[in-house]
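> Take this sequence and fold it.
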Amino acid sequence: MKSMLLLLLLIWVVLLFLNVELMQCSVSYDRKSLLIDGQRRIIISGSIHYPRSTPQMWEDLIMKAKEGGLDAIDTYVFWNVHEPSPGNYNFEGRYDLVRFLKIVHKAGLYAHLRLGPYVCAEWNFGGFPVWLKYVPGISFRTDNEPFKRAMLGFTEKIVTLLKSHNLYQSQGGPIILSQIENEYGNLRTHLGQEGYNYMSWAAKMAVSMQTGVPWTMCKDVSTPDPLINTCNGFYCHQFTPNRPYKPKLWTEAWSGWFSEFGKSSSQRPVQDLAFAVARFIQTGGSLVNYYMYHGGTNFGRTAGGPFITTSYDYDAPIDEYGLIRQAKYGHLKEFHKAIKLCEPALVAADPIVTELGPKQQAHVFYPEKGSCAAFLSNYETESGVKVMFNNKHYNLPPWSISILPDCKNVAFNTAKVGEQTSHMEMMPSNAKIYSWESYNEDVSAVDDGSTASTISAFGLLEQINVTRDSTDYLWYKTSVDVNPSDSSLHGGEQPTLVVQSTGHAVHVFINGQLIGSAFGDRKSRRFTFRKKVNLQPGTNKLALLSIAVGLPNVGGHFETWNTGILGPVVLEGLDKGKLDLSWERWTYQVGLKGESMNLASPNEGNEPLAVDMHSMGKGQVWINGLSIGRYWTTIAQGECNGCSYSGRFQPPKCQVGCGKPSQRWYHVPRSWLKPTNNLLVVFEEIGGDPTKISVVKRSLSTVCSQISEYHPNIKSWQIETAESYGSTQEYRTTPKLRLRCAPDQYISSISFASFGTPLGTCGRFEQGTCHAPTSYSVLQKRCIGKRSCAVAITNSKFGRDPCPNVLKRLSVQAVCSFSTSTMSANQTILHN
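Sure, this is the predicted structure:
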């Protein structure tokens, strides 16, 4: 009996280990796609960078991504936040990579981990820690032993950490892909053999980590086997892998674009984004990653560029604050459903391309088993067309693709947006900010270099060499003696001060008074300050406050990049001639005393919060000791002339925000707030009115929707059981216009309603030549007082056909409001 028990126990242990083994999955690839446990998959992915949001936001963001139809989450790994000094690692708070990936896994999603460790990403110094610049003999991103040694050390650290938590798919975790290096092709070409040697070393190093999942390199056609080269860009349909046995992957489908201080922003129409992704998939693409799906916030001093704004919203489907951006989110969600209906055909067959017209094509996938799938494309940018396919006529709007999961019926068209458009507003929050305490930086004093915060040297020093990027600010201070008999002091022409800087901004003070400022921009960091100055007899104190606005994040040889005032600094027009101050004795003070001063406070409700800084100039802002980031209300320059979705998108197309502050509102995560006595700290460089700073909440204000009588409806389709995976049945349903306000809101009024041939877009609707008189009453009866409503697009719903034999649509604009009980519950008092 004892031996029988031992045998049963042994069998149980073996079965237990077999079960564990069965839970582990394999990831490989062939020419069609990634294979997960031997099954080809179309993967829809989206970038969410964990340091650009808070841990309290992660689960909500990831669940919204899943609800939006994503299969995977993509993120970079940011070396500079994880190893701020050599050998000292930080994986706490917003930098808790393991926690983030476990939330991804819990949601049932995959992960693509882009290790870099160069990330670009409009992130400070491209993600490299600044201390790396001072490793003896180092040369970045090339065949250089000190750099490769540091890169190997960090890569091993991350991979070992993730393996210890079983986070690779080969261990049963979510990570199905990893990336080494980033967008290296152009730099490799420039560096020649050294670049090729480094790239080959990086690939071998990555494979040696034995993660059990494939590795990728993006934007480099020379990517060595077994790594997969991938595409980044606004469009990637023409991309081809560098080997015929590799799949076609798109690691960055740019959903919008980043913003710069002083520039307008560009918003990418969702019709064009869906068109670009459909075009990629119809040409054999099998993985698409939206960069970004949620952009988030460049908290603290993490923004790179330089001159990248604190907001990294990116016009993504989930906005900076974690709210869904409609119609982009909803339209892509319906698109993803249509792609999944086609997935069995897409991974089993190659497309057969048929010309339907001069700029029209059909891409048809005929698998050996199951139904076929077709993509009907119209590349015309101005006009829609009617095409014949399989003996049926199909109407294709300009610059659009219709998806037919059964090669007969349209489930989705990229240009026909059926989702509502939601307009968000920054509304008063009822949070009160009381009186301000203020502190003025003493710019007149010139230290002798004897204190810990100052040094003294002859000549001009490079800024980052002095600050080690511990602050944006470095004072350059010296003195100038002017002969009392100089003619400039007796009615003659004033001398001119010339200051040449390598970036990024400077404020110039003489004898404690600000006399002017100068700034570079992202494309031209170097600039010259030139101004006539009023000097006094004897000793004059010159103080130059040099300011970094994020370190550059693009390129190679980071060790050679300079910031700050490297001269020359000269005075022109004195009687004794040009006075070159560049090699005088300068005193350097790192940072500002005001950076550590406490000045103000906010808290309330459920909506995301922000501080409205429109009354201020330029500086930094903190809440409860946590840095919200840099602010700068400089006016956005650009040409905001409207936007058409059709035609190739490339910034500066579809600009918005011209003539307004390039960033007015700054995200305050709710998890950073206390119930009472929150402390808001503002450091202002050039002057403003802090009494007009306010706390606002981001709320839904207006929703619009527009649906035609024959709008393709993905809800007409359903995927049957797993036994008949990929087969579909079609259910004809009447299109419905749907409106939905946010939780705790209701539809309070209908601003516009017209069933017929209305014109315009959300906010600019107007009646056309055909209009059903009952339009308003139908919508009011159906929707007023409700959080959401749906109206069928039928003639009978509106009493009669307002214009027979004409294709009609319903356009509606509604106002969302909070209930009185919600408003009273959200009142909060703030203390400074």
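> Nearest the middle, which residue of the protein would you pick?
Central residue of the chain (C-alpha atoms, centre = their mean): Gly295, 2.9 Å from the mean position.
> That residue: what's it in contact with?
Contacts for Gly295 (C-beta atoms under 8 Å, 6 or more residues apart in numbering) come out as 49, 52, 256, 258, 311-314, 316, 319-320. Bear in mind the C-beta positions are built from the backbone N, C-alpha and C, glycine included.
> Turn the residues you listed into JSON lines, including pLDDT and neighbour count.
Output for those, formatted as JSON lines (pLDDT from 0 to 100; neighbours: other C-beta atoms under 10 Å):
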{"residue": "His49", "pLDDT": "98", "neighbour count": "27"}
{"residue": "Arg52", "pLDDT": "98", "neighbour count": "25"}
{"residue": "Gly256", "pLDDT": "98", "neighbour count": "26"}
{"residue": "Phe258", "pLDDT": "97", "neighbour count": "25"}
{"residue": "Ser311", "pLDDT": "98", "neighbour count": "25"}
{"residue": "Tyr312", "pLDDT": "98", "neighbour count": "27"}
{"residue": "Asp313", "pLDDT": "98", "neighbour count": "24"}
{"residue": "Tyr314", "pLDDT": "98", "neighbour count": "28"}
{"residue": "Ala316", "pLDDT": "98", "neighbour count": "24"}
{"residue": "Asp319", "pLDDT": "98", "neighbour count": "22"}
{"residue": "Glu320", "pLDDT": "98", "neighbour count": "27"}
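> Let's have these in a markdown table, adding distance to Glu709.
Compiled in a markdown table, the contacts of Gly295 are given as follows (distance: C-beta to C-beta, whole Å):
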| residue | distance to Glu709 |
| --- | --- |
| His49 | 42 |
| Arg52 | 42 |
| Gly256 | 32 |
| Phe258 | 40 |
| Ser311 | 40 |
| Tyr312 | 40 |
| Asp313 | 35 |
| Tyr314 | 35 |
| Ala316 | 32 |
| Asp319 | 32 |
| Glu320 | 37 |
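> Asp71 contacts Leu34, doesn't it?
No - Asp71 lies out of contact with Leu34 (C-beta atoms under 8 Å); the separation is 10.3 Å.
> which residues do the two both contact?
Contacts common to Asp71 and Leu34, judged by C-beta under 8 Å, 6+ apart, are 41, 43.
> what about these two, which has more around it?
The neighbour count for Asp71 versus Leu34, taken as other C-beta atoms under 10 Å, is higher for Leu34 (25 against 21).
> For the more buried one, give the beta-bridge partners.
Tyr29, Arg41 (DSSP bridges).
> residues contacting it?
27-28, 40-41, 43, 176-177, 214, 247, 286-287.
> Now, of these, which are buried?
Buried by 16 or more other C-beta atoms under 10 Å: 27, 40-41, 43, 176-177, 214, 247, 286-287, out of these.
> about what we covered before: can you tell me the SS state at the residue nearest to the residue nearest to the centre of the chain when sequence neighbours are not counted?
Once flanking residues are discounted, Gly295 sits nearest to Tyr314: 3.4 Å by C-beta to C-beta, 6 or more residues apart in numbering. Assigned with DSSP: H, G, I helix; E, B strand; the rest coil, Tyr314 falls in the coil class.
> surely Tyr314 meets Ala253?
No - at 11.8 Å, Tyr314 does not count as touching Ala253 under the criterion of C-beta under 8 Å.
> what is in contact with these two at once?
With C-beta under 8 Å, 6+ apart as the test, Tyr314 and Ala253 both reach Tyr291.
> wait, is His336 part of a helix?
Yes - His336: assigned to a helix according to three-state DSSP.
> burial of the closest residue to it other than its chain neighbours, as a residue count?
Nearest residue to His336 in three dimensions, chain neighbours excluded: Gly69, at 3.0 Å (C-beta to C-beta, 6+ apart). Residues contacting Gly69 under the criterion other C-beta under 10 Å number 18.
> switch to numbering from 54
Fine by me, first position is 54 from now on; the one you just mentioned is Gly122.
> From Tyr103, how far off is Gly122?
Distance, Gly122 to Tyr103, using C-beta to C-beta, to the nearest Å: 21 Å.
> picking that back up, keep only those of the contacts of Leu87 that are in strands.
Cross-referencing the contacts of Leu87 against strands under DSSP state E gives 80-81, 93-94, 96, 229-230, 339-340.
> State the pair within those residues that is farthest apart.
For those, the farthest-apart pair by C-beta to C-beta is Arg93 and Leu230; their separation is 14.9 Å.
> Tell me how many other residues crowd Met669.
By the criterion of other C-beta under 10 Å, Met669 has 24 neighbours.
> wait, doesn't it sit right on Val735?
Yes - in terms of C-beta under 8 Å, Met669 counts as a neighbour of Val735; the distance is 6.9 Å.
> Pull up the overlap in contacts between the two.
Common neighbours of Met669 and Val735 (C-beta under 8 Å, 6+ apart) are 743, 746.
> Look up the pLDDT of the nearest residue to Thr293 once chain neighbours are set aside for me, please.
Leaving aside its sequence neighbours, Thr293 sits nearest to Lys301 (C-beta to C-beta, 6+ apart; 7.1 Å). With respect to pLDDT, Lys301 has a value of 98.
> so Lys301 sits right up against Gln291, yeah?
No - here Lys301 does not reach Gln291: they are 10.6 Å apart, not a contact under C-beta under 8 Å.
> overlap in contacts of the two?
Listed as contacting both Lys301 and Gln291 by C-beta under 8 Å, 6+ apart are Thr336.
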